[in-house]
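Asks: Below are the sequence and a predicted model; questions follow.
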Amino acid sequence: EVHLLESGGGLVQPGGSLRLSCAASGFTFYKYAMTWVRQAPGKGLEWVSSIGGRGASTYYADSVRGRFTISRDNSKDTLYLQMNSLSAEDTAIYYCVKSASGDYVNWFDPWGQGNLVIVSS
Amino acid sequence: DIQMTQSPSSLSASVGDRVTITCRASQGISSWLAWLQQKPGEAPKLLIYAASSLQNGVPSRFSGSGSGTDFTLTINSLQPEDFATYYCQQGYSFPITFGQGTRLDIK
């Protein structure tokens, strides 16, 4: 069974940094693209960033490009999201999601349980 | 960016009803569309991918159709556990985009 266990969220001041981690198990990690999706409180879903299975290809939403960095360590079956220059608009639950179709980023299944990031002074 | 527009934004229905939710893409996306279900306090769950393919384990009362720009999610014979928020999502190009969601409430 696939498991995605996120960690690293919490309260951070505006302008601060945070790194999210997502430990994966139950599948051959390097064969799948991975993605971060976020959801602001009471709002809809927003795609944040994706990374190919080998880590060579990365993609970002305009809202986070230049501030966030997605990466993965295939030796540890772990996905990361380094978030810098955080603002209140980044407050959200961040979901780690596995591509449902190998190294292609089109559908997401399953989703991790979510990790809350609050940016506030 | 491809804009995804769902309608209605909310609807009320009763157990046993048949409901349809529509999703329109701002440009053609072939069949690169997924439907997700999210219950309060839970992560989203993939229901339908490639516009009409049922994800493993999803009840057959859920079905999807459409291609190009217009898509529908149909739920036959609503069950109590189906009351949730539903999102469409395009997987055609970056940035990946979602519809605004349709909240399905019990009448």
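Replies: Right, received. Where do you want to start?
Asks: okay but A:L81 is in contact with A:A61, surely?
Replies: No - counting by CB atoms under 8 Å, A:L81 sits too far from A:A61 to count as a contact (11.9 Å). Using the backbone N, CA and C atoms, a C-beta is placed for each residue, glycine as well.
Asks: Of these two, which one has the most company?
Replies: Comparing A:L81 with A:A61 by other CB atoms under 10 Å in any protein chain shown, the one with more neighbours is A:L81, at 26 against 20.
Asks: Which strand residues bridge that one?
Replies: Listed beta-bridge partners, A:L81: A:L20, A:I70 (assigned using DSSP bridges).
Asks: Enumerate the residues of chain A near chain B.
Replies: Counting by CB under 8 Å from any CB of the partner chain, chain A comes close to chain B at A:35, A:44-47, A:50, A:59, A:61-62, A:95, A:100-101, A:105-114.
Asks: centroid residue for chain A?
Replies: Note on chain A: the residue nearest the mean C-alpha position is A:W36, at 2.9 Å, using CA atoms, centre = their mean.
Asks: where exactly do the helices run in chain B?
Replies: Under the criterion DSSP state H, chain B contains no helices.
Asks: contacting residues around the residue of it found nearest chain A?
Replies: Residue of chain B nearest chain A, by CB to the nearest CB: B:G91 (3.0 Å). Contacts for B:G91 (CB atoms under 8 Å, 6 or more residues apart in numbering or on different chains) come out as A:105-107, B:29, B:32-34, B:49.
Asks: what's the answer for B:V19, then?
Replies: B:11, B:13, B:74-75, B:78, B:104.
Asks: so what's it bridging to?
Replies: Legend: beta-bridge partners of B:V19 under DSSP bridges are B:I75.
Asks: ok, now A:Y104?
Replies: A:S101.
Asks: That one: neighbouring residues, count only.
Replies: 13.
Asks: One more: the one 3 residues further on?
Replies: The burial metric for A:W107, expressed as a neighbour count using other CB under 10 Å, is 24.
Asks: just the one 5 residues further on next, same as before
Replies: By other CB under 10 Å, the residues close to A:G112 number 25.
Asks: need the contact list for it.
Replies: Counted by CB under 8 Å, 6+ apart, A:G112 has contacts A:4-6, A:22, A:95-97, B:43.
Asks: Next one: it from B:E81, what distance?
Replies: Between A:G112 and B:E81 the computed distance is 21 Å (CB to CB, to the nearest Å).
Asks: What are the buried residues along stretch B:58-78?
Replies: B:58, B:62-64, B:66, B:69, B:71-73, B:75, B:78 (16 or more other CB atoms under 10 Å in any protein chain shown).
Asks: Nearest residue to the residue in chain A that chain B sits nearest to in space, please, no chain neighbours.
Replies: Proximity of chain A to chain B (CB to the nearest CB) peaks at A:N106, 3.0 Å away. Leaving aside its sequence neighbours, A:N106 sits nearest to B:G91 (CB to CB, 6 or more residues apart in numbering or on different chains; 3.0 Å).
Asks: If I look at that neighbour, what pLDDT would I see?
Replies: Confidence at B:G91, expressed as pLDDT, is 97.
Asks: A:G55 too?
Replies: 95.
Asks: tell me the phi and psi of it?
Replies: Dihedral pair for A:G55: phi 90, psi 0, per degrees, to the nearest 10.
Asks: again, but for A:Y94
Replies: phi -110, psi 120.
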